[in-house]
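Novice: A predicted structure for the sequence below; I have some questions about it.
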Amino acid sequence: MGRAPCCDKMGLKKGPWTPEEDEILVNFINKNGGHGSWRSLPKLAGLLRCGKSCRLRWTNYLRPDIKRGPFTLEEEKLVIQLHGILGNRWAAISSQLPGRTDNEIKNLWNTHLKKRLIRMGLDPQTHLPMAYSCYQLGKPLASSVSTRHMAQWESARLEAEARLSRESSLFNNDPNSFVDANNKTDSDYFLRIWNSEVGESFRSARKFDDITSPISSGSSSNKCGSVSAITTELASNVKDDLEWRNSDSASSNDLEDSSDTALQLLLDFPINNDMSFLEESSFISPL
DNA sequence: AAGGCTAGCAACCGCCTCGTC
DNA sequence: AGACGAGGCGGTTGCTAGCCT
């Protein structure tokens, strides 16, 4: 059914790359001012690899702008925040972390951050307490997650724009310049994402009105309901769920003694919107 | 010291999207 | 319109180093 793997051809090497292969690939790309067609690159460069393998090696390891070394606290914070908004869209998340690859972020998430959230009793997909995220009033989980992401998008954007207007006097003349770390605020991140191609899919989603249509959480071409309608529905759902959760005192104490910094980072994010009552709930550990 | 276990990470695989013909 | 190829993406695998017993 599926297409045959591109490396099935006889004679093509698989597995870890040797320093010699790395050198050949880097030299070829530098010499030609780019990779050109990945499919034809191995033959032209004299590598016994498939084009896909070359592309992966270049984008995940050999690219000169890749930042090596452990993730900083700020980067981890950003990954958690972005994952809460974008879900498992590693490429979209990595586009907001200069020098970090999607593979690196995916590994960070799977080996560190995900486990951290699970340890704290939080669903790594929804960033909400496990018991809560599993029962969205009988609605399909994938739909509720995407709905939540949509609402967070809109809320974060509105908050960011409001803050940006307040702080406009502090900004550079170039409103699109987000490079200066001194001026980098959380608002900046969201406006930058919102104005990027990543946000485009969400901006265009405002055209759709069918809030009840199923949403594929794994696809980059989601069809989503109108954001304002979703936000309204979400607020209603969350309030209902909070009432349900508050009646279940057994689960509400699980997180109170958590001092994990990741949770703090997640909750520290200044989204003061119609979902802010979530933070006031005793269900989530006090700051 | 040695064997088992685990975490971290590089690389692969299969599916999807988009562009071209 | 649909078949095909190329590139991109996310999930998963497998190797390795470090830790534990």
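Specialist: The structure has been received and is ready for your questions.

Novice: Quick one: low-confidence residue ranges for the stretch 1-150 of chain A.
Specialist: A:1-11, A:130-150 (pLDDT under 70).

Novice: Give me every residue in it lying close to DNA strand C.
Specialist: A:15-16, A:36-39, A:51-52, A:55, A:59, A:88-92, A:102-103, A:106-107, A:110 (C-beta under 7 Å from any atom of the strand). Glycine gets a C-beta too; all of them are placed from N, C-alpha and C.

Novice: Could you list the domains of chain A?
Specialist: A:9-62, A:70-287 (automatic domain parsing).

Novice: Mind checking which of the residues of the stretch 1-150 of chain A next to DNA strand C land in helices?
Specialist: A:51-52, A:55, A:90-92, A:102-103, A:106-107 (DSSP state H).

Novice: Give me the neighbour count for residue A:71.
Specialist: 18 (other C-beta atoms under 10 Å).

Novice: dump the residue contacts of it.
Specialist: A:79, A:100, A:108 (C-beta atoms under 8 Å, 6 or more residues apart in numbering).

Novice: among these, which are in reach of DNA strand B?
Specialist: Within the contacts of residue A:71, those near DNA strand B by C-beta under 7 Å from any atom of the strand are residue A:108.

Novice: Name the member of the contacts of residue A:71 with the most neighbours.
Specialist: Ranked by neighbours (other C-beta under 10 Å), those are led by residue A:79, which has 24 neighbours.

Novice: What residues does that residue make contact with?
Specialist: Counting by C-beta under 8 Å, 6+ apart, residue A:79 has contacts A:71, A:93, A:97, A:105, A:108-109, A:113.

Novice: JSON lines for those, including distance to residue A:21?
Specialist: Below are the contacts of residue A:79 laid out as JSON lines (distance: C-beta to C-beta, whole Å):
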{"residue": "A:71", "distance to residue A:21": "27"}
{"residue": "A:93", "distance to residue A:21": "29"}
{"residue": "A:97", "distance to residue A:21": "27"}
{"residue": "A:105", "distance to residue A:21": "25"}
{"residue": "A:108", "distance to residue A:21": "26"}
{"residue": "A:109", "distance to residue A:21": "28"}
{"residue": "A:113", "distance to residue A:21": "32"}
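
Novice: Most neighbours among those residues, which one is it?
Specialist: Most crowded among these, counting by other C-beta under 10 Å, is residue A:93 at 25 neighbours.
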